[in-house]
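> task: produce atomic coordinates for the following.
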Amino acid sequence: MENEQAESALRESERMLGQLIGNLPGFVFRSFDSGQWTLGYLSEGFREITGYGPEQFTGIPHLSYNNLILEGHREAIRSKWEWAVAEHSVFEEEYPIRAASGETRWLWERGRGTYDREGRLLFVEGFVTDITERKLAEEALRESQKRNKALLDANPDMMFVFSADGRILDVKVDPADDLFVAPELFLGKPVGEVLPAPIASLTLDRIQEAQRTGRLVPFNYTLDLHGRQMDFESRLVPCGNGTFLAIVRDITERKRAEEERRRLQARLNQAQKMESLGSLAGGVAHDMNNVLGAILALATTYIETQPAGSPVQRAFGTIIKAAERGGKMLKGLLNFVRQTPAEERELDLNAILQDEVHLLERTTLAKVRLELDLAEGLPPIRGDAGDLANALMNLCLNAVDAMPEHGTLSLRTRCLGLDWIEVQVEDTGCGMAKEVLEQALNPFFTTKPEGKGTGLGLSMVYGTVKAHRGQMEIQSEPGQGTLVRMRFPVWEAGARVEPSAPEAGFRALSVLLVDDDELIRSSLQALLEALGHSARAMASGEDALLSLEAGLPADVVILDLNMPGLGGAGTLPRLRALRPELPVLLATGRADRTALDLVEAHPQVTLLSKPFTMKELQRQLEALG
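Sure, this is the predicted structure:
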């Protein structure tokens, strides 16, 4: 009875042990043959891991479990087991096997030998579990770390790892960087020891913000390094475990490039404003010149018919002066948007400056000191003397206005290599704030009291310089005065020679007058008849061409440049094809590049600037012989 109870208890114990072993995530083994390593026992978990049944490997030496281990690992595993058995030590190792399915699986094995009293090995036993998923995860982690390291190494930015209290835990700095500092000078130190107090405080604030929000925190700052002011962009992001990664980028050159882009954009905007205002001014000038032209034509015609000193003659004189003044104002309006000079000839800028100085000395230079530094042998430029003189006078008057009490006005010229010359106008006056300087060239912008300035002065100067293919730069600071630099290209040898005017003489001419404005047609007809000429008026270039084709006699054509339809530019080449020798006076209130090109391209064409007086028209007609 007792034997039966003992056997039952043993069977129950074996059952419970088998159940326990079966629940393990792996298999248990025992080898009873130390020479052949023949397996005497394999638990059922062997099937789940390897795909083979335990019965296929137990008690059969030639089907040794060692053969499942991949070839590159077999001998190392056998040698390590032999050493563990000899040393009565624990065996523990990871290795790959080839499962029945053909896939590779990684296993972790731990075991040891069991010995008799004399120390002879009886058997070895142990436990094996599948660690494939862990090994794959470790491999993926290693690959990820390798990729991350490659990305970090390829990133030119500086990187810092901070603890929550602002201590620097790790540093990545490119040794080729001009700002390179050995990482060991940073490691383990609080940020306050390696950065200026304001930047260190800013960094600590951003670490706290990133810790509180769990999000990326950007911030920028400026440092004075190696005598240079440098700008940095930083992005701080939580990395877990109370650490924070800061990626720091040097954006000094980028900010300089952005500033240059803004400067160029401002210049482009200025040019676009000038272009828009040029179109507006051109249209206004055309219409106003027609009005002033009609007034001047009639006033200069009938003033000669009045008794000298009579009230009517004096009234006509006032009308003429008012119209001429209006014409000068229109010319000034066009000067700051003109693309080319009204006339081009060889000019000596030193001589122009000296003339302006003589004029200033008699008027406004009594309260300031003048310094004149003119380069000897200054090469000539090409342009309009009147326009440049007005521009220089405008700058000098602005400089004097900026020195109400006293100061120094400096005028300088110098050569810039072989191709450019420079003119400088500098004062020691009040200067301009940055926001004023940025708008100084804008048309109609002025800091003078109402009624004291139009805001066109510097715009006109800028337009004149650009029309002469030049460059203009203004430097100014409050209390430090203002320096204006103007650069002009040198006129190379072989400048064009101005044609000489034909000898004057009078003969009655048959004039074909072509203008779309009825005021101009009626006033010019009266003026021409007063001068002893006959005039036939046409309202368009098309009508004039048809009349000439029909044989209309004409000794000279007065052709308006700006008309609907063909206009003067379209009419002139067709007119020249019909009458190659017929003289043409090209009338325009805007002597721009288009008008000058037409005059140069066609023989027997002369520019007639609107508005003009009776005497000016008379001189032009007499020059035709």
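
> quick one: low-confidence parts of the stretch 351-500 of the chain?
362-366, 439-457, 493-500 (pLDDT under 70).

> which residues in the stretch 401-550 of the chain form helices?
Listed in chain order, the helices of the stretch 401-550 of the chain (DSSP state H, counting those that start in this stretch) span 434-439, 457-467, 518-530, 541-549.

> export the longest one to CSV, keeping only CA atoms.
It refers to helix 518-530. What follows is helix 518-530, C-alpha atoms only, in CSV (Å, rounded to 0.1, in the frame of the first residue of the first chain):
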residue,chain,number,x,y,z
GLU,A,518,-6.0,121.0,-81.3
LEU,A,519,-4.4,123.7,-79.0
ILE,A,520,-1.0,123.1,-80.4
ARG,A,521,-2.2,123.0,-84.0
SER,A,522,-4.2,126.3,-83.7
SER,A,523,-1.5,128.2,-81.7
LEU,A,524,1.4,127.0,-83.9
GLN,A,525,-0.4,127.9,-87.1
ALA,A,526,-0.8,131.4,-85.8
LEU,A,527,2.8,131.5,-84.8
LEU,A,528,4.1,130.2,-88.1
GLU,A,529,2.0,132.7,-90.0
ALA,A,530,3.3,135.5,-87.8
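
> list the buried residues of that helix.
Buried residues in helix 518-530, counted by 16 or more other CB atoms under 10 Å: Ile520, Arg521, Ser523, Leu524, Gln525, Ala526, Leu527, Leu528, Ala530. For the C-beta atoms, the positions are set from N, CA and C on the backbone; glycine is no exception.

> then stretch 544-560?
By 16+ other CB under 10 Å, the buried positions in stretch 544-560 come out as Ala544, Leu545, Ser547, Leu548, Ala554, Asp555, Val556, Val557, Ile558, Leu559, Asp560.

> show the contacting residues for the third one.
Counting by CB atoms under 8 Å, 6 or more residues apart in numbering, Ser547 touches Leu512, Arg536, Met538.

> most neighbours among those residues, please name it.
Leu512 (24 neighbours; other CB atoms under 10 Å).

> with adjacent residues omitted, what lies nearest to that one?
The shortest distance from Leu512 to any non-neighbouring residue, by CB to CB, 6 or more residues apart in numbering, is to Ala554 (4.2 Å).

> is it fair to say the one you found lies in a strand?
No. Ala554: not assigned to a strand; according to DSSP: H, G, I helix; E, B strand; the rest coil it is coil.

> that one touches Arg536, doesn't it?
Yes. Using CB atoms under 8 Å, Ala554 is in contact with Arg536, at 7.5 Å.

> intersection of neighbour lists for those two?
Shared contacts of Ala554 and Arg536 (CB under 8 Å, 6+ apart): Ser510, Val511, Leu512.

> of these, which belong to strands?
Secondary structure from DSSP state E places Ser510, Val511, Leu512 of those in strands.

> now those residues in TSV, please, with extra columns for pLDDT and distance to Asn66.
Below are these laid out as TSV (pLDDT from 0 to 100; distance: CB to CB, whole Å):
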residue	pLDDT	distance to Asn66
Ser510	88	126
Val511	89	122
Leu512	90	119
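
> report how many residues lie close to Ala99.
Neighbour count of Ala99, defined by other CB under 10 Å: 17.

> quick one: what helix or strand has the residue nearest the centre of the chain in it?
Closest residue to the average C-alpha location of the chain: Arg261 at 3.0 Å, with CA atoms, centre = their mean. In this assignment (DSSP states H and E), Arg261 forms part of helix 252-302.
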